[in-house]
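# Task: produce atomic coordinates for the following.
(4 chains)
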Number of protein chains: 2
Amino acid sequence: MTHKRRSTLRDVARQAGVSVTTASQVVNGRSGGNIRISEATRQRVWEAVRTLGYTPNASARSLRTRKTNLLAVLVPDIANPFYPQLIRGVQQVASAEGYDLLVYDADDHPQREKAFVEAILQRQVDGVIMVPFFLQDEDLERITRANIAVAVMSGAPSMIPGVDVLKVDDTAALSGLINHLIAKGHRRIAHLSGTLNTIAGRGRFKGYRRALKEAGIPYDQRLVGIGNFRADCVPGLIEQLFAPDHPAPTAIFAANDVMAIAAIYALKRRGLRVPEDVAVCGYDNIPEAAAMIPALTTIDQNMQQEGRMLARLLVERLGSPTRLPERAVPFEFRLVIREST
Amino acid sequence: MTHKRRSTLRDVARQAGVSVTTASQVVNGRSGGNIRISEATRQRVWEAVRTLGYTPNASARSLRTRKTNLLAVLVPDIANPFYPQLIRGVQQVASAEGYDLLVYDADDHPQREKAFVEAILQRQVDGVIMVPFFLQDEDLERITRANIAVAVMSGAPSMIPGVDVLKVDDTAALSGLINHLIAKGHRRIAHLSGTLNTIAGRGRFKGYRRALKEAGIPYDQRLVGIGNFRADCVPGLIEQLFAPDHPAPTAIFAANDVMAIAAIYALKRRGLRVPEDVAVCGYDNIPEAAAMIPALTTIDQNMQQEGRMLARLLVERLGSPTRLPERAVPFEFRLVIREST
DNA sequence: TTGGTATGGTAAAACGTTACAGCAGAAACG
DNA sequence: CGTTTCTGCTGTAACGTTTTACCATACCAA
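Take a look at the predicted model:
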C-alpha cells in the first residue's frame, strides 16, 4: 500500500488559487513590514489548509531559516530523581516558547557525553542545556562556535564567551549544613562522596572539607567513602565507614539524596537508628526526601525551577537579535532541616 | 561579530577536487549497487572533511530523504521513577541505531498529550513510543496516516493497523498478588487506585475487583480510595480508608509503587506498623521499592527492558522495506514478594 | 494628464542534501 | 580493430520552505 503524499504548501496554494509565497505568508501569520494580504485571501488559504490537512514540514523550514526550534538537554543520569524534575522545568518553558526537546541520558558514561556533542552538532539544535560531568571547556567552545546557544549548570563558572551558567555556589549552604551537624554535637562527620571526576562531586567534597576546617575539626581520611552518586555503591561504603579499625562516625553527609537514602536503609539494616545513633543528610531535596521516614535533612535546589531558569536563559539568548554577553546566574539554596539529623 | 559559515558538502567537494555527488557518496559510505569510488578519492574526501570540520546538515538530509532519524517518546509523568527507566531503555537502542530522542512529559495533562501529536506531526519524526493515558484510537490513526511508526504500551490492545503494542496483560500477576495477601490471612484488602480515566488505572482497579471476586470476598466500596498515581493524594486517602465508620483494612494494594511507598509512610505516621498491622504492596518495582525498609512487595515489569523492547519494535518496523503487520508483544510480569506484606 | 503612493500580490532564488541518469575512458573480448 | 562491458565519476533535478525583489493595478493630488 502506497501512502498518499502529504500535502505541501504548493497544494495549499493551488487549492486556494494563490501563489506559494502568499500561502506561506498567511500560514506564518506575517503582517508586519510591507507584507499585505487581504482578509478574503487569508480566509481562502486557511480553508485550503484545513481541507487538505496541511502541516508544515519542519525540515524544509529549518533548512531555509536555519532554525530548528529544537533544544537539547543533557543529563548525567536520568534515573536520578533529580534530573527528571530538571527536565520537566526545562520542558515547561521550552514548549511554551515553541521548542521541542531532545533528551540525552549520559548514563554516567563519558563517551555518551561526547556522543551528545556530535549529535547536537549534526542536528543543528538552536540551544543546549547541560549538566556536564566530563565535558571540557573546549567541547563547549566547539558548540558555541557552531552558533548553538549554551546554558550549563555548573559549580565552576569558567566563563566561556557566549555560555550562560547557572552558578551553583553552595559554599554557604554546605557550611550551614555542616555547622548544623556540629551544633547538634557531632564531631565525627563522615562524607559519602559522589563521583570525584565530576564537578558536583568535587564541589561537595571540597565544601565538606572546608566546613570542617572552619570548625576546627581535623580531616580524617577514614571517614570518607568515594562513591558515584548512585545507591548501589552505598552499602559497601557504609561497611568501610563503620569498620572496627577506627571510631565510627556519628553523622554522615552524603553527596546527594539518593545516596543519603540508601545510607539510611543500610544503617537500619545494621541495627542503627537514624538520627539517634547516626545522623544523615543529603543534597538535592528530591521528592522522596520529604516523604520518607525519617524525613531527610538536605539542601534544596528546586530543580524544576532551575530547569525553568536555564531554559529561560536560553530562549532569551535565542530571541535576542544582538549577541548577548554571557551571564552567570547564582542559584538560591535552602537548608532544609528535617528529622534525619 | 558575524559567524563564519558552517562548511557544506560543496566546500568539501571543492576542497577535494571532486563533485558534490561523490563527496556525498563517500561521506555516506555508499558502496553497493553501481556506486564505485576509488580508494584514492575516498581518502581525499575524508581529508577535506577533516580539515574543514564538516558536519552534515540534518535538516537538508531529512528534507531530501524523508527520514528524520528522530524518535519521540511520550510519558504521562516523568517525575514518576517508572518512566525515566523506560526512557533510558528506549534511548539505549535508539541511539545504537542512530536515532535521537525527543521526550515529551505530559505532566498528566490531556491537552499536553494532544500537543504531542501536533508536535510530532510537524517534526515528521520517524516513529513514536507512547504510554498514552488520554489519547484515543483516532489520534493514533492520525499518526499512522502520516506514515509515522507507532509503538504503544497499553493494556487495551485495540489493534490499530500498523501500531505495535506492548501488551500489558497483568491479570495473572494481579491475581497472584491478591492471592498472596489472602494466603497471608487478609480479608479486608483496600485499593489505592490510580487515575481512573487512564487505562492503567482502570486495569489495576478491575484486576483488584476480579481477584477479590474469584476469592469470594465481597467488594466494599469504602475500601477503595480513588487516587492519581502520585504521592500527594495518598495521605488524604489513608485518612478515608481508616475512618472510624467502618472496619479498617489489614492490607493495601496501591496502583503503583509511588503511592504504595507514600502509603507506608502515612501509615507509620499514624503509628501503624508495616507489615504487622497493615500489609502494603505496589506495582512497578521502581528502584526505591527494593531499597526501602520495609522492602516493598510489588509487581515487576522491568521498565528498562520494556523500553528496549518498544524501541526495538519500532526500529524493526522502520528498517523493513515492506509494511509489517502490527504486532502485540505480551510482556512478562513477576510477582516480587518482599518485606511489606 | 502626470506622477506618486498605497495595496495586494507573484516569480525566482536560495537553503544543503541525495537520487537518477548518463558519460567518458580503460579494459576485455571476439 | 570494432564492439561491448566495466570503472569511476559528474550534472542536474528534486525535497518544501522562506526571502528578496519586483510588478501590476487603483487611487489620489496637483
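# The spatially closest residue to A:Asn197 that is not a sequence neighbour: neighbour count?
Spatial nearest neighbour of A:Asn197, excluding adjacent residues (CB to CB, 6 or more residues apart in numbering or on different chains): A:Phe134 at 7.1 Å. In this view, the C-beta of every residue, glycine as well, is placed from N, C-alpha and C. Per other CB atoms under 10 Å in any protein chain shown, the neighbour tally for A:Phe134 reads 18.
# per-residue confidence at A:Phe134?
pLDDT, A:Phe134: 86.
# and A:Ile87, what does it touch?
A:73, A:75, A:78, A:101, A:103, A:307, B:78, B:103, B:105 (CB atoms under 8 Å, 6 or more residues apart in numbering or on different chains).
# sec struct for the residue nearest to A:Asn197, please.
coil (DSSP: H, G, I helix; E, B strand; the rest coil).
# What about it? Give its phi and psi, please.
Dihedral angles of A:Phe134 (phi, psi; degrees, to the nearest 10) stand at phi -120, psi -20.
# Out of the contacts of A:Ile87, which comes closest to A:Asp169?
A:Gly307 (18.3 Å; CB to CB).
# Please say whether there is contact between the helix or strand that closest one falls within and DNA strand D.
Assigned by DSSP states H and E, A:Gly307 falls within helix A:303-319. No: Helix A:303-319 lies out of reach of DNA strand D by CB under 7 Å from any atom of the strand, never closer than 14.6 Å.
# neighbouring contacts of that helix?
Contact with helix A:303-319 is made by A:71, A:82-83, A:85-94, A:97, A:99, A:126-129, A:149, A:151, A:153, A:164, A:166, A:284, A:324, A:327, A:329, A:331, as judged by CB under 8 Å, 6+ apart.
# re earlier: which residues does the residue nearest to A:Asn197 contact?
A:106, A:110, A:113, A:197-198.
# Now restrict those residues to buried residues only.
Buried by 16 or more other CB atoms under 10 Å in any protein chain shown: A:106, A:113, A:198, out of these.
# Could you verify that the second one is part of a helix?
Translated: A:Glu113. Yes: looking at A:Glu113 with three-state DSSP, it is inside a helix.
# quick one: pLDDT of it?
Per-residue confidence (pLDDT) for A:Glu113: 95.
# correct me, but it touches A:Leu74?
Yes: contact criterion CB atoms under 8 Å: A:Glu113 and A:Leu74 qualify, at 6.7 Å.
# Could you pull out the residues contacting both of these two?
A:106, A:132.
# Strands along the stretch 101-250 of chain A, start to end?
Along the stretch 101-250 of chain A, counting by DSSP state E, counting those that start in this stretch, strands occupy A:127-130, A:149-154, A:163-167, A:189-193, A:224-226.
# Columns distance to chain B, mean neighbour count and mean pLDDT on top of these, output as JSON lines?
Converted to JSON lines, those look like this (distance: least, CB to the nearest CB, whole Å; neighbours: other CB atoms under 10 Å in any protein chain shown; pLDDT from 0 to 100):
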{"stretch": "strand A:127-130", "distance to chain B": "13", "mean neighbour count": "27", "mean pLDDT": "96"}
{"stretch": "strand A:149-154", "distance to chain B": "12", "mean neighbour count": "24", "mean pLDDT": "92"}
{"stretch": "strand A:163-167", "distance to chain B": "15", "mean neighbour count": "23", "mean pLDDT": "92"}
{"stretch": "strand A:189-193", "distance to chain B": "15", "mean neighbour count": "26", "mean pLDDT": "97"}
{"stretch": "strand A:224-226", "distance to chain B": "17", "mean neighbour count": "19", "mean pLDDT": "97"}
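# Adding distance to DNA strand D as columns, could you present those in CSV?
Output for the strands of the stretch 101-250 of chain A, formatted as CSV (distance: least, CB to the nearest atom of the strand, whole Å):
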stretch, distance to DNA strand D
strand A:127-130, 18
strand A:149-154, 18
strand A:163-167, 25
strand A:189-193, 50
strand A:224-226, 53
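# Out of the ones you listed, flag the one nearest B:Ala172.
strand A:189-193 (40.9 Å).
# before we move on, the earlier item: which members of the contacts of helix A:303-319 are positioned in helices?
Using DSSP state H, the subset of the contacts of helix A:303-319 located in helices is A:82-83, A:85-94.
# and chain A, what are its domains?
Domain segmentation of chain A under automatic domain parsing yields A:9-56, A:68-168+A:303-331, A:171-300.
# Can you name the residues that contact A:Arg10?
A:Arg10 neighbours (CB under 8 Å, 6+ apart): A:Val20.
# Read off the pLDDT value for A:Gly32.
So, for A:Gly32, pLDDT stands at 62.
# residues in the stretch 151-300 of chain A within reach of chain B, list them.
A:231, A:261-262, A:265, A:268-269, A:287-288, A:291-293 (CB under 8 Å from any CB of the partner chain).
# what's across from A:Val73 in the sheet?
Going by DSSP bridges, A:Val73 is paired in beta bridges with A:Val103, A:Ile129.
# What separation do you get for A:Gly185 and DNA strand C?
65 Å (CB to the nearest atom of the strand, to the nearest Å).
# any idea how far A:Pro275 is from that residue?
From A:Gly185 across to A:Pro275, the span is 11 Å (CB to CB, to the nearest Å).
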